[in-house]
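> predicted model and sequence below, questions to follow.
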Amino acid sequence: MANTIAPVGATLGILGGGQLGRMMAIAAREMGIHTVIWDPGAESPAFEAADAAIIAPYDDPEAREQFLQQVDRITYEFENVDFETARTLAQSKPVHPSPNLLHVSQHRLREKERARQAGLATTPYAAVTTVDELERAMGDLGLPAILKTVQGGYDGKGQAALWDRASAMEGFRDLQRASRGQTLIYERRADFVAEISVVVARDEAGRIVTYPVTENHHHHGILDYSVVPARVPAEVATRAQQGVAQLASHLELVGLMAMELFVMADGRVLFNEMAPRPHNSGHWTLDAAWPTQFTQHVRAVMGWPVAEPRQLSPAVMVNLLGDSFLEGLESMPDLLELPGVQLHWYGKREMRAGRKVGHVNVLADNVEAALEVAREVKSRIGGRCNDGA
């Protein structure tokens with residue numbers, strides 16, 4: 001389908017109504033772009049920020065026609081939207097990033113293969129569907145390792161840590177049962193010294209821009225906090241940015257994508273996974289960069305040129321989980337007393353453990369000062385900054 005630049009006043013359709021869709025809609029509104037959110041959930045937080053909402057399953061043909069009648073271009077806010085829906089929509093309206101890229105990112109084996117085709121190094125991996133294949137993977141790749149479902153799963157879900165043969169067999173049985181027998185991916189555990197990510201954007205003209213490298217710290221598989229600029233050698237940061245640019249070009253990305261990587265002790269950078277949409281580790285851009293990752297994404301998917309990012313301040317982004325607010329939001333004003341703290345709340349009504357309900361960005365003159373305030377943020381909501389996986 002031929003693409004044309006969408007004018008101010010055009011309408012962007014967004015598949016998915018979570019916090020990423022909410023922040024996309026806010027960015028679009030600032031640029032004079034209207035938004036329509038399509039999500040099956042009646043209480044999706046993005047609805048508050050959009051011009052219109054469609055509440056229906058993604059396979060509802062009437063909802064699809066209603067959506068198409070209202071929008072000029074289409075994107076998605078998470079990669080677990082239905083691929084067939086995206087492909088069908090693309091027959092009528094431009095969908096970015098393309099459904100083909102969505103198809104790759106929805107399957108961990110496919111994304112690893114495409115990363116290698118683009119010239120990126122990856123963690124050693126193997127497909128596993130039977131006990132014999134699991135035994136072979138343990139023999140070829142060794143232990144410890146991580147076993148993951150190839151589809152679905154995020155924030156630590158859909159995976160099992162394998163330390164020995166017993167835990168490998170148990171993890172295999174549990175994931176096979178939970179995934180109803182789907183293929184699993186066996187990855188040798190990377191002995192990394194840092195986890196980093198890079199947000200990249202590419203427009204329809206093929207221009208590629210990358211954001212500064214972000215250093216990420218996880219806890220129980222969920223991103224706990226991010227530091228930018230990452231505290232890695234300059235040559236490592238350059239290799240990471242070059243790698244994500246190679247992948248964006250190889251996949252013919254239009255829009256925004258984040259790539260997560262491991263930094264090894266010898267300086268190698270290994271591809272871990274990608275997400276073809278704005279990413280949790282890019283939330284610092286809302287206050288410490290121009291343009292934000294959401295503005296950049298909207299620009300690209302609407303056919304506008306991407307802009308060279310500028311970092312405005314060192315920053316630390318701290319995720320806020322429902323665990324900290326099960327008894328109410330009384331601690332929130334205490335956070336705002338701290339210097340350089342900006343709150344971003346997602347509007348989710350239900351607080352539950354492990355659910356991302358907001359984040360704060362901490363801006364300071366240097367990373368160390370921002371980290372000091374970030375630790376105080378965590379302390380005031382009953383936690384601490386965690387460095388473990």
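Noted; the coordinates are in hand.
> distance of residue 140 from residue 342?
48 Å (C-beta to C-beta, to the nearest Å). C-beta: built from backbone N, CA, C; applies to glycine.
> meant to ask about residue 218, not that
Distance of residue 218 to residue 342, computed by C-beta to C-beta: 22 Å.
> of residue 140 and residue 342, who's got more company?
Comparing residue 140 with residue 342 by other C-beta atoms under 10 Å, the one with more neighbours is residue 342, at 15 against 11.
> buried residues in the strand or helix carrying the more buried one?
Per DSSP states H and E: residue 342 is located in strand 341-345. For strand 341-345, a neighbour-count test (16 or more other C-beta atoms under 10 Å) marks 341, 344 as buried.
> pairing partners for it, with directions?
strand 356-363 (antiparallel) (DSSP bridges).
> so for the partner strand, mean pLDDT?
For strand 356-363, the mean per-residue pLDDT is 97.
> now what about the longest helix seen in the chain, what contacts it?
Determined from DSSP state H, the single longest helix within the chain is helix 234-250. Residues outside helix 234-250 that contact it (C-beta atoms under 8 Å, 6 or more residues apart in numbering): 114-115, 117-120, 196, 198, 200-202, 206, 208, 210, 212-213, 229-230, 232, 253, 257, 259, 261, 263, 267, 269, 271, 274.
> what segments of the stretch 151-300 of the chain are strands?
159-162, 184-188, 192-202, 208-210, 214-219, 222-228, 255-264, 269-275, 289-290 (DSSP state E, counting those that start in this stretch).
> now the ones you listed in TSV, with mean neighbour count?
What follows is those, written out as TSV (neighbours: other C-beta atoms under 10 Å):
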stretch	mean neighbour count
strand 159-162	19
strand 184-188	23
strand 192-202	24
strand 208-210	19
strand 214-219	20
strand 222-228	24
strand 255-264	25
strand 269-275	23
strand 289-290	18
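> list the contacts of the residue nearest the centre of the chain.
Central residue of the chain (C-alpha atoms, centre = their mean): residue 279, 3.3 Å from the mean position. Going by C-beta under 8 Å, 6+ apart, residue 279 touches 197, 199, 258, 293.
> let's see it at 10 Å
Residues in contact with residue 279 (C-beta atoms under 10 Å, 6 or more residues apart in numbering) are 20, 197-199, 214, 216, 223, 226, 256-260, 285, 293.
> how much space between it and residue 369?
25 Å.
> repeat that for residue 160.
Distance from residue 160 to residue 369, by C-beta to C-beta: 39 Å.
> let's see the strand holding residue 342 as CSV, backbone CA atoms only.
Extracted as CSV, the C-alpha positions of strand 341-345 are listed here (Å, rounded to 0.1, in the frame of the first residue of the first chain):
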residue,chain,number,x,y,z
VAL,A,341,11.2,13.9,40.8
GLN,A,342,8.4,13.8,38.3
LEU,A,343,5.5,11.4,38.7
HIS,A,344,3.8,9.6,35.7
TRP,A,345,0.7,7.7,36.9
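> give me the residues contacting that strand.
Taking C-beta under 10 Å, 6+ apart as the rule, strand 341-345 contacts 19, 22-23, 26, 45, 283, 286-288, 315-318, 320, 329, 332-333, 335-336, 357-364, 370, 373-374, 376-377.
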